[in-house]
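Q: pasted the sequence and its predicted model underneath.
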Amino acid sequence: MKETPTVKSVSGVEVPSLLTVSPAPHIHHPDSTRTIMLDVIFALVPAAVWGAYVFGLRVLLVILTCVGSAVLAEALTQKLLRRPVTIADCSAALTGFLLALNLPVTVPLWMCVLGAAFAIIVVKQLFGGIGKNFVNPALAARVFLFSWPTEMTFFTAPTQRFGLFDFSVLADGVDVVSTATPLSALKAGAMPDVSLFDMIFGEVGGCIGEVSSILLIAGGIYLLVRRVITWHIPAAYIGTVAVITFFFPQGGSSTAFMLAEIFSGGLLLGAFFMATDYTTSPVTPIGRLVYGVGCGLLTVLIRYFGGYPEGVSFSILMMNTLVWYLDRYMRPRWFGGGKNGRK
Amino acid sequence: MREKGRAYLAQIKAGILDNNPVLVQLLGMCPTLAVTTSVTNAIGMGLAATAVLICSNLFISLLRKFIPKQVRIAAYIVIISGFVTTVELLMKAYFPALDRALGLFIPLIVVNCIILARAEAFASKNAPIASMVDGLSMGLGFTAALVLIATVREILGAGSFCGISLFGEAYQPAIIFILPSGAFLTLGFILAAVQKVKNVQQDRQKMRCTECSVEEEGAE
């Protein structure tokens, strides 16, 4: 027994959602929130699988915990707030997935649960649910989890693999050794001791989903081809980082330093998958370019001068808060609306 | 006399609950966010501000007919800063540790908008005793709000209450609550909760009124 989903029309009559009219120009298109979210998840799966290969099957445990808690948190909050339960649109699952990819493999599981709950309950549902959050929930949760800096910056070497049932690695694993990530070397003004090849393929320490640059780029290209995202934000973001690091390298030769900055850390994951979140990025092409340049500028500034070696999550969050202004001041000109498009 | 006492009690209750300077009027945000990292700091700040508030309200009320309207703000500031200096020197003499912890925020009581607001809105228009009661009620409301925020922040962010460790070694505190961003988070949640309680109360009152009006109509 499945009821036909209905929506309330303008006149207050319940009509079957099959008859929902999309915004003008009313072209029928199979895209829905669910297909878009599934596309993004699909594009991220290769990078996650690579993470599981490099860091061991505990990666799956972290991902399952994050996704499960995010979906559960969404369902519970919506039940409590008496809103329609929308876990089927997969947006909560994507948030959990992105959060997991932004954590180190050794992260305690209670932090996964707490982070996912913070992302969904505080950042998403308390601001009105999907489409109404003012910053990216997964990134906000990651920054919230920096309450426990030791756990959040504990990166292990890619050769050290953890099993599916290593529930608490940091608490009882005495032989777990942390390693320097390429970014921490760059922060210290030295070139990382791993080859560029390793950085591109992902044989380096780091967060679960950020290590394999080539798979992230492949996922990004998939999203571009599927037209889930446009090129503006990733191109402006990565381009800005490339230009600044090329002209102002902190160590080594310009080109080598630039490539190391691009292929290390969460830049590609952030630029393709998190800065492009619909709710928290501008709608106009020019706004998107400005937003991407802003993200790139802040990322380099934090990497060069900030307290943390990585600045991607902070810079995307900061630019998220400016999206309202970008949308307001980068409006396209109205047809027939005079020189500035405004009367 | 008893009626007056009751009125004063109602005034104090209003200052702490319905008209709380921090949680309802949203005044004095700067010290509220800055010093609530520990309950001890919150109590110290709250009581210091209360002492200044009572004294300044009393003197402004006594002088309310002599201060020319055009220079009243300047006159209030002079009176307030006199008492703030007294409180600051007393704290330096008797509670040096607390004074160091609160630092600049004690001299900044001079420009605390709760004190200025009460001077302008209440003490300049009312009798001395009522003004003192108003100062006491607003001061207690300020202290209560600070203690509430600080309790949440200290327990979550340091795992302690008034400096006494609560959960032992195994507890890993969420240091974000001790940092400035944690102050905003906590304040936001508490304000939302206060607003929710108020909304529920208002709804209940409305329900009661509609019920009584229905009954009256029925009686007719």
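A: Received, thanks.
Q: CA only for contacts and neighbour counts going forward, please
A: Noted.
Q: show me what contacts residue A:190?
A: Applying CA atoms under 8 Å, 6 or more residues apart in numbering or on different chains to residue A:190 gives the contacts A:250-252.
Q: need those residues in JSON lines with distance to chain B, pLDDT and secondary structure, can you?
A: Converted to JSON lines, the contacts of residue A:190 look like this (distance: CA to the nearest CA, whole Å; pLDDT from 0 to 100; DSSP: H, G, I helix; E, B strand; the rest coil):
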{"residue": "A:250", "distance to chain B": "31", "pLDDT": "82", "secondary structure": "coil"}
{"residue": "A:251", "distance to chain B": "33", "pLDDT": "77", "secondary structure": "coil"}
{"residue": "A:252", "distance to chain B": "36", "pLDDT": "75", "secondary structure": "coil"}
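Q: which member of those is positioned nearest residue B:49?
A: Nearest to residue B:49 out of those is residue A:250 (CA to CA; 50.1 Å).
Q: the closest one - nearest residue in space that isn't next to it in sequence?
A: Leaving aside its chain neighbours, residue A:250 sits nearest to residue A:189 (5.5 Å; criterion: CA to CA, 6 or more residues apart in numbering or on different chains).
Q: next, the one you found: phi, psi?
A: Main-chain torsions, residue A:189, degrees, to the nearest 10: phi 90, psi 20.
Q: now do the one residue in chain A that gets nearest to chain B against residue B:27, distance only.
A: Relative to chain B, the nearest point of chain A is residue A:147 (4.8 Å; CA to the nearest CA). Noted for residue A:147: a distance of 29 Å to residue B:27, by CA to CA, to the nearest Å.
Q: picking that back up, filter the contacts of residue A:190 to the buried ones?
A: Among the contacts of residue A:190, those scoring as buried are residue A:250 (criterion: 16 or more other CA atoms under 10 Å in any protein chain shown).
Q: out of the contacts of residue A:190, who's nearest residue A:199?
A: residue A:252 (16.2 Å).
Q: I'd say the closest one and residue A:193 touch.
A: No - the pair residue A:252 / residue A:193 is not scored as a contact, 12.0 Å apart, by CA atoms under 8 Å.
Q: center of chain A - which residue?
A: residue A:274 (2.9 Å; CA atoms, centre = their mean).
Q: which ones are touching that one?
A: By CA under 8 Å, 6+ apart, the residues touching residue A:274 are A:136, A:139, A:316.
Q: got TSV for those, with pLDDT too?
A: As requested, these are exported to TSV (pLDDT from 0 to 100):
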residue	pLDDT
A:136	94
A:139	95
A:316	95
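Q: show only the entries of these found in helices.
A: A:139, A:316 (DSSP state H).
Q: in JSON lines: the contacts of residue A:274, plus neighbour count and distance to chain B.
A: Converted to JSON lines, the contacts of residue A:274 look like this (neighbours: other CA atoms under 10 Å in any protein chain shown; distance: CA to the nearest CA, whole Å):
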{"residue": "A:136", "neighbour count": "25", "distance to chain B": "16"}
{"residue": "A:139", "neighbour count": "25", "distance to chain B": "15"}
{"residue": "A:316", "neighbour count": "30", "distance to chain B": "17"}
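Q: wait, residue B:76 sits on residue B:117?
A: No - the pair residue B:76 / residue B:117 is not scored as a contact, 10.4 Å apart, by CA under 8 Å.
Q: and those two? Which one has more around it.
A: Neighbour count, other CA atoms under 10 Å in any protein chain shown: between residue B:76 and residue B:117, residue B:76 has more, with 24 against 14.
Q: quick one: that one is in a strand?
A: No - using DSSP: H, G, I helix; E, B strand; the rest coil, the assignment for residue B:76 is helix, not a strand.
Q: check whether the helix or strand where residue B:137 lies comes near chain A.
A: Following DSSP states H and E, one finds residue B:137 within helix B:128-158. No - for helix B:128-158, no contact with chain A is found by CA under 8 Å from any CA of the partner chain; the gap never falls below 8.7 Å.
Q: now residue 153: closest residue in space, sequence neighbours ignored.
A: No chain was given, so I picked chain A. That would be residue A:104: by CA to CA, 6+ apart, it lies 7.3 Å from residue A:153.
Q: wrong one, chain B
A: Setting aside the residues directly before and after it, residue B:153 is nearest to residue B:177 in space (CA to CA, 6+ apart), at 5.2 Å.
Q: isn't the one you found up against residue B:156?
A: Yes - assessed by CA under 8 Å, residue B:177 is found in contact with residue B:156 at 6.4 Å.
Q: ok, these two, which is more surrounded?
A: Using other CA under 10 Å, the more surrounded residue of residue B:177 and residue B:156 is residue B:177, with 25 against 20.
Q: shaky segments in chain B?
A: For chain B, the stretches with pLDDT under 70 are B:1, B:211-220.
Q: which stretches in it count as helices?
A: Going by DSSP H, chain B shows helices at B:2-16, B:29-34, B:39-62, B:72-94, B:96-102, B:113-118, B:128-158, B:180-219.
Q: ok, which of those comes nearest residue A:329?
A: helix B:180-219 (28.2 Å).
Q: buried set for that closest one?
A: For helix B:180-219, by 16+ other CA under 10 Å, it's B:182-184, B:186-187, B:190.
Q: tell me the residues of chain B that contact chain A?
A: By CA under 8 Å from any CA, the residues of chain B that approach chain A are B:172-176.
Q: need the buried ones from the residues you listed selected in PyMOL.
A: In PyMOL, a selection of the buried entries from these looks like this (16+ other CA under 10 Å):
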select buried, chain B and resi 173+174+175+176
